[in-house]
Each structure stands twice: as structure tokens, then as C-alpha cells.
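Student: Predicted model, plus sequence, below.
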Amino acid sequence: MTLKADAITVRGIMDQFVKDETVKKKLRFICEKERNDWEKWLQLELEYFMCNLDGIEVDREIEAFPDNRMLKDRYKMYIDLAFRKKRTRQNSFIFLELKCTNSVPYLIRGFERDITKINALKACIYEQRSFWCVGFHRNCTERSVSQINDYVKKWDYGYHEVIKLCDCSDDVDCGCEDNKLGFAVI
């Protein structure tokens, strides 16, 4: 499998996830309540969603050990999700790091920290086949969307989309508040 194939797999799973009506309702609730602490919920919800996809094996919060020359004073770290498709190499997993933020600058900083973390990976029970950051941001102003689009363009298979969470038609510019969520994969 190639990096491009992994990108297609990750994007396909995430597209299914964010378009699921039950997930959209939960995301809308999070946005309406202005929650900032929903990353663990996302990990659990995505793990459950992926476990119910045919041909996917997934694990969450995988303990790993960094190279202390790269990450000083850090002796343990955790990978949010690792998954593999059945009929791929037995111990070869795609790693996902998840981020949930209000603003794009925080999301970008979170991505950069996760990239540094994974690049410092020394030992893990799973072999890393590829690594992807998946993030959500609540601020979807023109400026924020432009900023994240510029960042995502730097990555070969980067992707960004603004998801409409309300039940209004996609063709209608509705007046619903808290009805959009930005979603990026790098």
C-alpha cells in the first residue's frame, strides 16, 4: 500500500464518520454547548464507528516510547488511534492523532506538536505504516478557513472541508447558529 492509498482510506473513513447523521447531531450539540473538551469523546466515537466498519481493526490510546534525544524528559506517549485493514500486513498500522479546537491557530499548533511527537517515536507495539493528523475547528470564518486551507496545501494529501451540521438543505444559506465545523486531515 502506498501513502496515497492510506490517504484515500483515512479520508474515506473520516468522510463516512462526519456524514453519519447520529455523529452530526452529536457534533452540533458540542458546537451549541461551546464545549472545548471533546477530544476524548471523538476518540471513543471514532473507535466505535471504525470497529463497526467491515474489514477494519482499530485500537485506541496505544502506549509508545519516544527517543529522549528528540523529546526531552518524556518517557511515555500515547497514540490516539491505530488501525489496519484486514488482509494487510499483520502488524502494520495507520496512526491517527486527533485534535479538537475552537480556532485554527490552535489546531495548527496541535498538528505541529503531534508531528513532532510521532517523529520522535522509538518503540511501539504496532509498526507504523503511515501517520495522519485529523482535526476539527469550530471557528469557520472566512479568515480561519483561508488560514487552514493555506496550511493544508503544504501537505501532499492534505484535505480540509467545512461541514454543515444543521438539517437545512445544503443549497440554502440558512441562519442557523453553530451549524458549521471545519475538518482537516494532514
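Tutor: The structure has been received and is ready for your questions. Residues are numbered from 1 along each chain as shown.
Student: Does the nearest residue to Gly135 once chain neighbours are set aside lie in a helix or a strand, and which?
Tutor: Spatial nearest neighbour of Gly135, excluding adjacent residues (CB to CB, 6 or more residues apart in numbering): Lys99 at 3.8 Å. For glycine as for every other residue, the C-beta is placed from the backbone atoms N, C-alpha and C. Following DSSP states H and E, one finds Lys99 within strand 92-101.
Student: which other residues reach that strand?
Tutor: The contact list for strand 92-101, computed with CB atoms under 8 Å, 6 or more residues apart in numbering, reads 6, 9-10, 36, 38-39, 42-43, 46, 59, 79-84, 107, 110-111, 114, 117-118, 126-138.
Student: in it, what's buried?
Tutor: Neighbour counts over strand 92-101 (16 or more other CB atoms under 10 Å) mark 93-101 as buried.
Student: Identify, from the residues you listed, the entry nearest to Asp15.
Tutor: Nearest to Asp15 among these is Leu96, at 14.2 Å by CB to CB.
Student: Is it possible to mark the buried ones in the contacts of strand 92-101?
Tutor: When the contacts of strand 92-101 are checked for burial by 16+ other CB under 10 Å, the buried set is 6, 9-10, 38-39, 42-43, 46, 59, 79-84, 107, 110-111, 114, 117-118, 126, 128-138.
Student: ok, which stretches of the protein are strands?
Tutor: Taking DSSP state E, the strands of the chain run over residues 56-66, 77-85, 92-101, 121-124, 127-137, 159-164, 180-185.
Student: Mind giving me the packing neighbours of the first one?
Tutor: Using 3 or more CB pairs under 8 Å, 6 or more residues apart in numbering; DSSP states H and E as the contact test, the elements touching strand 56-66 are helix 39-51, strand 77-85, strand 121-124.
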